[in-house]
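Undergrad: Compute the structure for the input listed below.
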Amino acid sequence: MGQIIKVGLCAYGMSGRLFHAPFLYRHPGFDLRTIARRSDPSGISLYPETKIVPSVGELIQDPDIDLIVVNSPVQTHYQFCKEAILAGKDVLVEKPFVVYAAEAEELIRLADEHQVKLSVFQNRRWDRDFIAVKDIIDKGVLGRIHEAEIRFDRFRPTASGKIHKEAALPGAGALYDLGSHLVDQAVRLFGNPDRLFADLAQLRADVESDDYFELLFYYNRNLRVRIISDVMVREPGPGYILHGDQGSFIQQRSDAQEATLLSGVSPSEEPWQTDLLTPDGLLHALQGQEFGRVEMYSAPGNYYTFFSQLYDYLTGQGPNPVDPQDALLTTRLIEKSFESSASGKVINLHQDL
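TA: Residues are numbered from 1 along each chain as shown. Okay, the predicted model is just below:
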């Protein structure tokens, strides 16, 4: 494989246990050398050769570590990333990148000054459903798209107990949690919006942060993109709905990588998920001179691809799989969404982004 990148993982909660450790362990270019774990280390026995340390500070200062994975609560991202960069470590940081755009700008500047590499784990770019939607758009199947909806709903009528996501803290709430994925996807598909309007709400009595949001992105070319998440939806609808002057495309939110990882399946470069039993997409579009209606099956996504691209980036063989400038823009759009919701006004982004 050539160069081996020695990795330090900042936390072993759900993010570390599902989305980082299994991939870093299986990829031959990475050595999951150390995990910071302040509480019970049970479950880390899956990686018997990995060292457990009691603090992130000890992890960052270890001269044997090349890459620090900052996957702790978002409220700690800025400080841990900054410490890692100043220690000369490359950094992979979980989404959301940071709480404030000014923090993102500083980290990007520091990474450049200290000549270290910084990437952001926007893993849902590698979801099967998103890949299917992007493919439809890239091929121009729908002609000029004038309306799109991206949504991610859940049914969680009571609080989960995750204070960093549900308390009255900077960076808590659904818009930072799920919104960081959906905003990133909207920008990947359609570019930077010209204006936005946002409506945020707290539906549950036992949380202290937003658990519902609807964002409306305006584009000058007569395109409107709605981004929605609702925590109390028992029967979710499609994840993506696109309408253009040559047809429509409806895509279910069908990616099962998280559920498959939870079941104990180990990821790999080769396909590691079960095939779809029913179609997850519906294309009703112009085919030649007539409209045709076709049910479609999306191809599997694979988060392993992100780590392969990350390895190539860290070893100078390829581009950054997720440029932190993308995550900076997402952070700015989230900040402007809070501003819009508080004021009840449409925000003109050309003046600010």
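
Undergrad: May I have the beta-bridge partners of Phe213?
TA: With DSSP bridges applied, Phe213 shows beta-bridge pairing to Leu200, Ser229.

Undergrad: quick one: it and Arg151, what's the gap?
TA: Using Cβ to Cβ, to the nearest Å, Phe213 is found at 10 Å from Arg151. For the C-beta atoms, the positions are set from N, CA and C on the backbone; glycine is no exception.

Undergrad: okay, and the common contacts of those two?
TA: The contact sets of Phe213 and Arg151 overlap at Ile227, Ile228, Ser229 (Cβ atoms under 8 Å, 6 or more residues apart in numbering).

Undergrad: Would you format these as a markdown table with distance to Gln251 and neighbour count included?
TA: Shown next, in a markdown table, are the shared contacts of Phe213 and Arg151 (distance: Cβ to Cβ, whole Å; neighbours: other Cβ atoms under 10 Å):
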| residue | distance to Gln251 | neighbour count |
| --- | --- | --- |
| Ile227 | 15 | 26 |
| Ile228 | 15 | 19 |
| Ser229 | 16 | 23 |
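
Undergrad: What is the nearest of those to His350?
TA: Using Cβ to Cβ, Ile227 comes nearest to His350 of the shared contacts of Phe213 and Arg151, at 19.4 Å.

Undergrad: right, and the closest one touches Gly179 too?
TA: Yes: between Ile227 and Gly179 there is a contact under Cβ atoms under 8 Å: 7.1 Å.

Undergrad: what do these two both touch?
TA: With Cβ under 8 Å, 6+ apart, Ile227 and Gly179 have common neighbours Phe213, Leu215.

Undergrad: Nearest residue to the middle of the chain?
TA: Nearest residue to the geometric centre of the chain (Cα atoms, centre = their mean): Gln122, 3.2 Å.

Undergrad: From Glu58, how far off is that one?
TA: 28 Å.

Undergrad: Report the separation between Gly57 and Thr274.
TA: 42 Å.

Undergrad: Have a look at the two and say which one is more surrounded.
TA: Using other Cβ atoms under 10 Å as the criterion, Gly57 and Thr274 rank with Gly57 on top: 13 against 10.

Undergrad: Tell me where the model's unsure across the stretch 251-353 of the chain.
TA: Low-confidence segments of the stretch 251-353 of the chain (pLDDT under 70): 351-353.

Undergrad: so Phe19 makes contact with Trp126?
TA: No: Phe19 is beyond contact range of Trp126, at 10.9 Å (criterion: Cβ under 8 Å).

Undergrad: Can you check which residues contact both of the two?
TA: Going by Cβ under 8 Å, 6+ apart, residues that sit against Phe19 and also against Trp126 are Tyr303.

Undergrad: Report the next helix or strand after the helix or strand bottoming out on mean pLDDT in the chain in sequence order.
TA: Least confident helix or strand, the chain: helix 163-166 with a mean of 88, by mean pLDDT, DSSP states H and E. Sequence-wise, the next helix or strand downstream of helix 163-166 (DSSP states H and E) is helix 174-177.

Undergrad: Would you mind putting the CA coordinates of that next one into PDB?
TA: C-alpha atoms of helix 174-177 as PDB (Å, rounded to 0.1, in the frame of the first residue of the first chain):
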ATOM      1  CA  ALA A 174     -31.500  19.700  13.900                       C
ATOM      2  CA  LEU A 175     -30.200  22.400  11.500                       C
ATOM      3  CA  TYR A 176     -26.600  21.800  12.600                       C
ATOM      4  CA  ASP A 177     -27.100  18.000  12.800                       C
END
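
Undergrad: Where do the strands of the stretch 201-350 of the chain begin and end?
TA: 212-219, 223-230, 240-244, 247-251, 281-287, 290-296, 347-348 (DSSP state E, counting those that start in this stretch).

Undergrad: could the ones you listed go into JSON lines alongside distance to Val187?
TA: Output for the strands of the stretch 201-350 of the chain, formatted as JSON lines (distance: least, Cβ to Cβ, whole Å):
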{"stretch": "strand 212-219", "distance to Val187": "9"}
{"stretch": "strand 223-230", "distance to Val187": "9"}
{"stretch": "strand 240-244", "distance to Val187": "15"}
{"stretch": "strand 247-251", "distance to Val187": "18"}
{"stretch": "strand 281-287", "distance to Val187": "22"}
{"stretch": "strand 290-296", "distance to Val187": "24"}
{"stretch": "strand 347-348", "distance to Val187": "15"}
